[in-house]
Structures are given as structure tokens and as C-alpha cells.
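Asker: Quick one, structure for this:
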Amino acid sequence: MNKYFEKAKIRSVIDNTQLYKNTNIKTYLILKIQ
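Answerer: Numbering: from 1, shown residues only. Okay, here's the model as predicted:
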């Protein structure tokens, strides 16, 4: 059970990092276009 939660926590951190990167890229592109 503990291992499952650890994996879920790690995955959620990775997902958040990806989301953050994607948001940054989108923001950068939007600013660049304007």
C-alpha cells in the first residue's frame, strides 16, 4: 500500500512538472507572437 502511494506521489510530481513546462512554453509563444 505504501509503495503504491509513493508511486502515485512521484507520478503527480512528474505530471505537475510537465504541466508547468507546457504552460511556460505556451506563455512564451503567446508573448513572442504579440
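
Asker: Tell me, what's the model's pLDDT at residue 5?
Answerer: pLDDT, residue 5: 87.

Asker: now it: how far from residue 11?
Answerer: 11 Å (CB to CB, to the nearest Å). Quick note: C-beta positions are derived from backbone N, CA and C, even for glycine.

Asker: swap in residue 22?
Answerer: 16 Å.

Asker: Which strand or helix spans residue 9?
Answerer: Per DSSP states H and E, residue 9 falls inside helix 2-33.

Asker: Output the contacting helices and strands for that helix.
Answerer: Under the contact criterion of 3 or more CB pairs under 8 Å, 6 or more residues apart in numbering; DSSP states H and E, helix 2-33 touches no helix or strand at all.

Asker: what residue ranges in this protein score low on pLDDT?
Answerer: For the chain, the stretches flagged by pLDDT under 70 are 1.

Asker: Just give me how far the helix holding residue 9 sits from the chain centre.
Answerer: On the basis of CA atoms, centre = their mean, to the nearest Å, helix 2-33 sits 0 Å off its chain's mean C-alpha point.

Asker: Same check on stretch 24-34?
Answerer: Relative to the centre of its chain, stretch 24-34 is centred 17 Å away, using CA atoms, centre = their mean.

Asker: Which positions in that stretch come out as buried?
Answerer: The neighbour-count check on stretch 24-34 (16 or more other CB atoms under 10 Å) flags nothing as buried.

Asker: pull the CA atoms of it into CSV?
Answerer: C-alpha atoms of stretch 24-34 as CSV (Å, rounded to 0.1, in the frame of the first residue of the first chain):
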residue,chain,number,x,y,z
ASN,A,24,5.6,28.1,-19.7
ILE,A,25,6.1,27.1,-23.4
LYS,A,26,2.5,28.3,-24.3
THR,A,27,3.0,31.6,-22.4
TYR,A,28,6.4,32.1,-24.1
LEU,A,29,4.9,31.5,-27.5
ILE,A,30,1.9,33.8,-26.8
LEU,A,31,4.3,36.6,-25.7
LYS,A,32,6.6,36.0,-28.6
ILE,A,33,3.7,36.3,-31.1
GLN,A,34,2.4,39.5,-29.7
